[in-house]
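Participant: Let's see this in three dimensions:
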Amino acid sequence: MSFIEYIDRHIVYENPTPQNRSRHGFFPGLVKLPSGDLLALFMLGEAFEAADATTVVSRSQDQGRTWHLEGPLHVKEEAHRYDSDFMKPTVLSDGTLIAMGYRFHRSDPDQLLTNPEADGLRNGDDLVSVSRDEGRTWSHPRVIARTRPELIEHSGPVIQLRRGTILGAGSLFPMWDGTNPSGFVGALLQSEDGGETWDDQSIFFEDPTGHYAPAEPRLCEMQDDRVVALVWMVDHVEERNLPNGVTVSHDAGKTWSDPIDTGIPGQASNLMHWEDDLLLTIHCQREGEDIGLYVRLVDFSQDRWRTIKEANIWANAPAMKVAAYATMGRNLRFGQPSLLRLDDGDILATHWAIEEGQGMILTHRLRIHP
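Facilitator: Reported below is the predicted structural model:
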């Protein structure tokens, strides 16, 4: 009988002196390094949308049981000292670490990140940085040129296909006036040269009705060139969410299916290939009756979504409605989950959460019995 076993919980980051200084951790991404160490990148700042927020590096040498905070991924240039940045790591096939993400531009630390009147966001840059020594030193973040006016919300890690192609996915943030000149589509970033150059002209998601945007998309490759994108379906105009959707490519990202309804009432989510036609997925469910962080074993045979087993692994949050950018910083209490397979076969589920008034990075060790 299939089941998901909960083993234990650990903390990647919590503020050691909250009575002295406001420091919150959000938006984690974890990888397993060739040496066996685990490395985490996450945002550290004095508030959810603070101008001092930047990506930091933390390392574990005991499979995620304890963590050592090593410091910022980069030192901000003077011209970008108030730009908040958010980056996620990926280990490429040659052992190189690549961090991808974005930053928002601000000229004053008191400027709001979001426009409360139009539900738009400030402009910014999509970024890439590289490490060749397992994250101990990093190249200075380089701006990725884009062909659309909107900043690409590249909130997840890139993936490298078995053929070597690197793919990244992002929704398009609305501009400051709340508009999306390019439409509510999902942009696909592609590199064929190890991350040196990028093409952003392909689309992995387009709602046929033109209403929904694919927020916080996550990618995984199942069989060769079969790529699945899992998205948070958001209607920013009506400020409502639909169940998680997926799109599928069978040609390494060249063409994609129409969105497929999973039936899962989730928002920020993630996935990994388990084996054969099985996916392991994780979903933040913030609305309705079933609130918390859910892990599911999914049969995705013939590109049809069928949940085999599910488990609620964390439920320390109230129900909340979150579909507007202008209110996310006040309303969100947990998010951006991910899954990492450890050397012993266990799974490390990671996410951020507000507990006791602090933004923390948490992990949950799981054992999957398919």
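Participant: list the buried ones in the helix or strand where residue 336 lies?
Facilitator: In this assignment (DSSP states H and E), residue 336 forms part of strand 334-341. Within strand 334-341, the residues scored as buried using 16 or more other C-beta atoms under 10 Å are 334, 335, 336, 337, 338, 339, 340. Every residue, glycine included, has its C-beta placed from N, CA and C.
Participant: cool, and stretch 205-224?
Facilitator: For stretch 205-224, a neighbour-count test (16+ other C-beta under 10 Å) marks 205-207, 212-222 as buried.
Participant: Flag whichever of the residues you listed scores worst on pLDDT.
Facilitator: Confidence by pLDDT is poorest for residue 207 among these, given 84.
Participant: shouldn't it be in contact with residue 259?
Facilitator: Yes - judged on C-beta atoms under 8 Å, residue 207 makes contact with residue 259 at a distance of 6.3 Å.
Participant: what touches both of these two?
Facilitator: Jointly contacting residue 207 and residue 259 under the rule C-beta atoms under 8 Å, 6 or more residues apart in numbering are residue 233.
Participant: Return the member of the buried residues of strand 334-341 nearest to residue 14.
Facilitator: Checking the buried residues of strand 334-341 against residue 14 with C-beta to C-beta, the nearest one is residue 334 at 14.2 Å.
Participant: who's in contact with that closest one?
Facilitator: With contact set as C-beta under 8 Å, 6+ apart, residue 334 has these partners: 284, 286, 293, 314, 316, 317, 351, 352, 353, 354.
Participant: Test of understanding: give the bridge partners of it.
Facilitator: Beta-bridge pairing of residue 334 under DSSP bridges involves residue 353.
Participant: Quick check: closest non-adjacent residue to residue 96.
Facilitator: Of all residues not flanking residue 96 in the chain, residue 132 sits nearest, at 5.7 Å (C-beta to C-beta, 6 or more residues apart in numbering).
Participant: And that neighbour, how far from residue 232?
Facilitator: Applying C-beta to C-beta, to the nearest Å, the value for residue 132 to residue 232 is 33 Å.
Participant: what does residue 129 give?
Facilitator: Look at residue 129 and residue 232: by C-beta to C-beta, they are 25 Å apart.
Participant: Mind checking which of those two has more residues around it?
Facilitator: Comparing residue 129 with residue 232 by other C-beta atoms under 10 Å, the one with more neighbours is residue 232, at 27 against 22.
Participant: I'd assumed residue 268 was in contact with that one.
Facilitator: Yes - judged on C-beta under 8 Å, residue 232 makes contact with residue 268 at a distance of 5.6 Å.
Participant: Which neighbours do those two have in common?
Facilitator: Residues within reach of residue 232 and of residue 268 at once, by C-beta under 8 Å, 6+ apart, are 215, 216.
Participant: and which of the buried residues of strand 334-341 is nearest to residue 244?
Facilitator: residue 337 (12.1 Å).
Participant: surely the closest one meets residue 282?
Facilitator: Yes - using C-beta under 8 Å, residue 337 is in contact with residue 282, at 4.3 Å.
Participant: which neighbours do these two share?
Facilitator: In contact with both residue 337 and residue 282: 269, 270, 293, 349, 351, using C-beta under 8 Å, 6+ apart.
Participant: got a winner among those for most neighbours?
Facilitator: That'd be residue 269 among the shared contacts of residue 337 and residue 282, by other C-beta under 10 Å, with 29 neighbours.
Participant: residues in contact with that one?
Facilitator: Residue 269 neighbours (C-beta under 8 Å, 6+ apart): 216, 218, 230, 231, 232, 244, 281, 282, 283, 284, 337.
Participant: Identify the spatial nearest neighbour of it, chain neighbours not counted.
Facilitator: Closest to residue 269 by C-beta to C-beta, 6+ apart is residue 283, at 4.4 Å.
Participant: Please apply the same query to residue 252.
Facilitator: Excluding its sequence neighbours, the residue lying closest to residue 252 (C-beta to C-beta, 6+ apart) is residue 225, at 4.2 Å.
Participant: any weak-confidence spans in this structure?
Facilitator: Scanning the chain for pLDDT under 70 picks out the ranges 323.
Participant: Would you map the helices across it?
Facilitator: 325-331 (DSSP state H).
Participant: Now do the residue lying closest to residue 156 once chain neighbours are set aside against residue 257, distance only.
Facilitator: Excluding the flanking residues, the one nearest residue 156 by C-beta to C-beta, 6+ apart is residue 218, at 4.7 Å. Distance of residue 218 to residue 257, computed by C-beta to C-beta: 16 Å.
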